[in-house]
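Chemist: coords please:
(2 chains)
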Protein chains: 2
Amino acid sequence: MTFKELYAQAPVWLQSKATETEVVVSNRIRLARNLTSHRFVHRNTVEGLNQVLDQVRAAVGKCDYFKNCLSVDMIRLSTIDKLFLVERHLISPLFAEEGKRKGLFIGDREMLSLMVNEEDHIRLQALEPGFDLVNTWRIISKADDELNRTLDYAYSERFGYLTTCPTNTGSGLRASILIHLPALVLTREIDKVIRGITQVGLTVRGLFGEGTDVSGNLFQISNQTTLGQREEEIIESIEKIVHQIIAYEKEARETLLKDAKSQIEDKIWRAYGLLKNARLLSSHEYMNLSSAVRLGINLGLIRDLPAQCLNELMVLTRPSHLQKMEGREMESVERDMVRATFVREKLGV
Amino acid sequence: MTFKELYAQAPVWLQSKATETEVVVSNRIRLARNLTSHRFVHRNTVEGLNQVLDQVRAAVGKCDYFKNCLSVDMIRLSTIDKLFLVERHLISPLFAEEGKRKGLFIGDREMLSLMVNEEDHIRLQALEPGFDLVNTWRIISKADDELNRTLDYAYSERFGYLTTCPTNTGSGLRASILIHLPALVLTREIDKVIRGITQVGLTVRGLFGEGTDVSGNLFQISNQTTLGQREEEIIESIEKIVHQIIAYEKEARETLLKDAKSQIEDKIWRAYGLLKNARLLSSHEYMNLSSAVRLGINLGLIRDLPAQCLNELMVLTRPSHLQKMEGREMESVERDMVRATFVREKLGV
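Modeler: Predicted coordinates for the structure are as follows:
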């Protein structure tokens, strides 16, 4: 795989078969790992970090899950390329910033990826569409085991995996669900639901993680604690709660259809009409309009558009994606124009 | 012609060939006349008004322009029927209110109409699409002459035609142009233009005359004074000024296309997208969206829709028209739903 192939299309993993896609867009698990006999990243030297990178590269080379992987030298990347990887959810916003020595390995279908020398020596991530966390855990866990055959992880019998930030110590696992909750937002029940989620020890964030805004009614729900719980327990408890949220959202959709059918239909069709006709479209507006259209697909109102198309557009219409696609830097207004044209083309207008 | 035939379709006069339709939607002339040996309307008795009505009916019967005309007894009409006639521009809002004895005659193609016992005994009106005031004057003037053969008009050698309100005394003529000025509104030059119009003795009003709001960037420009000027002079001076306004509007459209092309295109296509997709549409929103779409047609951006269709919809989507069409009274939300459906059908969605 080459870098060019990356931005020629939407992430391949998005096309996998998935469950519960009416409400959940995708799920993700990441594991934080550090190597023994190396200082944590922010206490390390360039030389030390280089050694970490070399060791991880060697381990990745022996890992089946990273066969034919794309190895990215972060130092060679332009700002747009880095932001492109953030938009793709392949690296964190933190990782896009300056750093001493960082590496990135992107596995087949972009489903697995591995950041070297982010906050921890290793941040391994698996992304899947829909809501089958157990399957995602199965995959990432195997990849982790494979890497562990070559690499010595910093591990304490008492605490579990040792990490730079204590909040990750233990399993080093964070599972996230990207969930679409338009009806809970419209019925204004969302605050109550978020309070409930927070009370059971999960966090709710925006599309790009910590500190980012919620856009297009898409919420990221993930576990907060990693200490003192087995991985399976963490995943099981998230699954249980997310199933409950899915039920709330579906109930709210029923309520809307019962109490405000024409208003909802109006909102949905107007959004579809705007996506198919706008000549200028900001990222933010795309997210909001596509949220309404996605709801329209889920409710069976819009039948000529697969939700898959919206998922792909959500990635492909982001600022750096558009610029990579056009092969040049563009100001905001020009991007809005290119985005609108691109969306119309994809919607077959 | 029957009343039922009226609301089955848009006014037939709208379909006539017309000039300057890129900016002017329609033009209208009305003449105020009173009969000698009858008191003015608000000083008259029921008996006296009945006599006026009878005399006018007899005269209309002999008038070629009112052959096969529809004679409407205002007292028999429901509120919706009266509002329907206001929406149709066949009667004034004042005429729709309670009154002692009122009559209405609607000529062929709804082009000519005559209110009896509104503010004056006779209000004769001619409506034509586009901007050929001279032709409209030719028609109404002949009809007026025909009526005058049977009826004795109150006329003073010194003042001209005598009317209830002194502002109409003289020619009794008011010529109005319904003009679409979206670019002057967008470039915010409209206030300056309106000040200019007022300074030369014309007035600017909303779609339904005095005291009504401007909606959909449609302005009614008409003469204020009727005294001391020959009819041809009044018409000539309006024509001259309106030609100037048309030139300003066209210039503003050029400016917009030069300075804000993508914003204008975006605005136009979004409006078209909303008209084709909305499931709830208020009268006010229809007017605003159709203003943008009309501009899109004028600028050659939208090619699959004749402006004629928008003109017809402007009339047919008004509240009483929708209720007559559906054959029942409807609340506002239901009307918005029926309006949206009707618009989509007419636009061939």
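Chemist: Please report how far the residue lying closest to residue A:134 once chain neighbours are set aside lies from residue B:170.
Modeler: Leaving aside its sequence neighbours, residue A:134 sits nearest to residue A:235 (CB to CB, 6 or more residues apart in numbering or on different chains; 6.6 Å). From N, CA and C alone the C-beta is placed, and that goes for glycine too. The gap separating residue A:235 from residue B:170 is 89 Å, by CB to CB, to the nearest Å.
Chemist: And residue A:271, by the same measure?
Modeler: Counting by CB to CB, the gap from residue A:271 to residue B:170 is 56 Å.
Chemist: my guess is residue A:93 contacts residue A:85, does it?
Modeler: No. Using CB atoms under 8 Å, residue A:93 is not in contact with residue A:85; the gap is 10.2 Å.
Chemist: Kindly report the residues of chain A close to chain B.
Modeler: A:262-263, A:265-266, A:269-270, A:272-274, A:276-280, A:333, A:337, A:340 (CB under 8 Å from any CB of the partner chain).
Chemist: ok so, going back, how far off centre is the one helix or strand the residue nearest to residue A:134 maps to?
Modeler: Assessed by DSSP states H and E, residue A:235 sits inside helix A:231-259. From the chain centre to the centre of helix A:231-259 is a distance of 19 Å (CA atoms, centre = their mean, to the nearest Å).
Chemist: Buried ones in the helix or strand that it is followed by, by neighbour count?
Modeler: Sequence-wise, the next helix or strand downstream of helix A:231-259 (DSSP H and E) is helix A:261-277. Neighbour counts over helix A:261-277 (16 or more other CB atoms under 10 Å in any protein chain shown) mark A:264-277 as buried.
Chemist: Then stretch A:226-236?
Modeler: Applying 16+ other CB under 10 Å to stretch A:226-236 flags A:226, A:229, A:231, A:234-235 as buried.
Chemist: farthest-separated two in those residues?
Modeler: Greatest spacing in the buried residues of stretch A:226-236, by CB to CB: A:226 and A:235 (11.7 Å).
Chemist: Show the end-to-end separation of stretch A:117-131, please.
Modeler: 29 Å (CA to CA, to the nearest Å).
Chemist: which residues does the closest residue to residue A:267 other than its chain neighbours contact?
Modeler: The spatial neighbour of residue A:267 that comes closest, neighbours along the chain excluded (CB to CB, 6+ apart), is residue A:292 at 5.4 Å. For residue A:292, the contacting residues are A:182, A:267-268, A:270-272, by CB atoms under 8 Å, 6 or more residues apart in numbering or on different chains.
Chemist: How about the contacts made by the closest residue to residue A:203 other than its chain neighbours?
Modeler: Once flanking residues are discounted, residue A:203 sits nearest to residue A:224: 5.1 Å by CB to CB, 6+ apart. By CB under 8 Å, 6+ apart, the contact set of residue A:224 is A:167, A:201-203.
Chemist: so can I have TSV of the residues you listed showing neighbour count?
Modeler: Output for the contacts of residue A:224, formatted as TSV (neighbours: other CB atoms under 10 Å in any protein chain shown):
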residue	neighbour count
A:167	13
A:201	14
A:202	22
A:203	16
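Chemist: These in strands, which ones?
Modeler: A:202-203 (DSSP state E).
Chemist: which pair in the contacts of residue A:224 spans the largest distance?
Modeler: Most distant of the contacts of residue A:224, by CB to CB, are A:167 and A:202, 13.3 Å apart.
Chemist: So which residues of chain A form strands?
Modeler: Counting by DSSP E, the strands of chain A are A:24-33, A:70-73, A:103-106, A:112-116, A:122-129, A:155-156, A:160-161, A:173-180, A:202-205, A:218-223.
Chemist: Output the ones you listed in CSV, with mean pLDDT appended to each entry.
Modeler: Below are these laid out as CSV (pLDDT from 0 to 100):
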stretch, mean pLDDT
strand A:24-33, 96
strand A:70-73, 91
strand A:103-106, 95
strand A:112-116, 96
strand A:122-129, 96
strand A:155-156, 96
strand A:160-161, 95
strand A:173-180, 95
strand A:202-205, 91
strand A:218-223, 94
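Chemist: And those: which comes nearest residue B:113?
Modeler: Among those, strand A:173-180 sits nearest to residue B:113 (CB to CB), with 56.4 Å.
Chemist: Quick one: list the elements packing against the closest one.
Modeler: Using 3 or more CB pairs under 8 Å, 6 or more residues apart in numbering or on different chains; DSSP states H and E, the elements in contact with strand A:173-180 are strand A:24-33, helix A:133-150, strand A:218-223, helix A:231-259, helix A:283-298.
Chemist: Pick the most deeply packed of these.
Modeler: When those are scored by mean count of other CB atoms under 10 Å in any protein chain shown, the highest mean neighbour count falls to strand A:24-33 (a mean of 25).
Chemist: How about the residue of the stretch 1-150 of chain A found nearest chain B, nearest residue that isn't a chain neighbour?
Modeler: Nearest residue of the stretch 1-150 of chain A to chain B (CB to the nearest CB) works out as residue A:22 at 21.9 Å. Residue nearest to residue A:22 in three dimensions, not counting chain neighbours: residue A:298, with 4.8 Å by CB to CB, 6+ apart.
Chemist: Dead centre of chain A: give me the residue that sits there.
Modeler: For chain A, the residue nearest the mean C-alpha position is residue A:89 (4.7 Å; CA atoms, centre = their mean).
Chemist: Just the pLDDT for it.
Modeler: Note on residue A:89: pLDDT of 91.
Chemist: Quick check: bridge partners of the residue nearest to it when sequence neighbours are not counted?
Modeler: Of all residues not flanking residue A:89 in the chain, residue A:127 sits nearest, at 6.4 Å (CB to CB, 6+ apart). Beta-bridge partners recorded for residue A:127 (DSSP bridges): residue A:28.
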